[in-house]
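Novice: Provide a 3D model corresponding to the input given below.
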Amino acid sequence: MSEVVVQISAEESRDSSLLSNAIDAFAKWAVESGLSTDSGDAPDIMMMTEFAGGEMRRKLVFQDRDHAARFLVFWRVERQRGRGFEASALSA
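Specialist: Residues are numbered from 1 along each chain as shown. Model prediction:
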């Protein structure tokens, strides 16, 4: 089995709760849509934290290239949604 590693930059992972929530939401969606099975086998996504160059980074490890690609699309949407929320909170 091959693994696909996605590195989330320090800038992207500043709000760790947004990333964690996105991973949780993606995992739930993947099971509900049939992309993943709820079999209790090895995890579909593993997250590792790396501290390098004075910055925290996240590495996400997927068991399937398609899952990784779909998560990246999902993550871009969630990041944009999070930025929209930040902008509206700042202007309030």
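
Novice: Which of the three states applies to the residue positioned nearest the centre of the chain?
Specialist: In the chain, the residue lying closest to the centroid (Cα atoms, centre = their mean) is residue 23, at 4.3 Å. Secondary structure state of residue 23, per DSSP: H, G, I helix; E, B strand; the rest coil, is helix.

Novice: and what of the one 4 residues further on?
Specialist: State at residue 27, reduced to three classes by three-state DSSP: helix.

Novice: check contacts around it.
Specialist: Residues in contact with residue 27 (Cβ atoms under 8 Å, 6 or more residues apart in numbering) are 36, 44-45. Bear in mind the C-beta positions are built from the backbone N, C-alpha and C, glycine included.

Novice: The residues you listed in strands, which ones?
Specialist: residue 45 (DSSP state E).

Novice: Would you list the buried entries among the contacts of residue 27?
Specialist: Among the contacts of residue 27, those buried by neighbour count (16 or more other Cβ atoms under 10 Å) are 36, 44-45.
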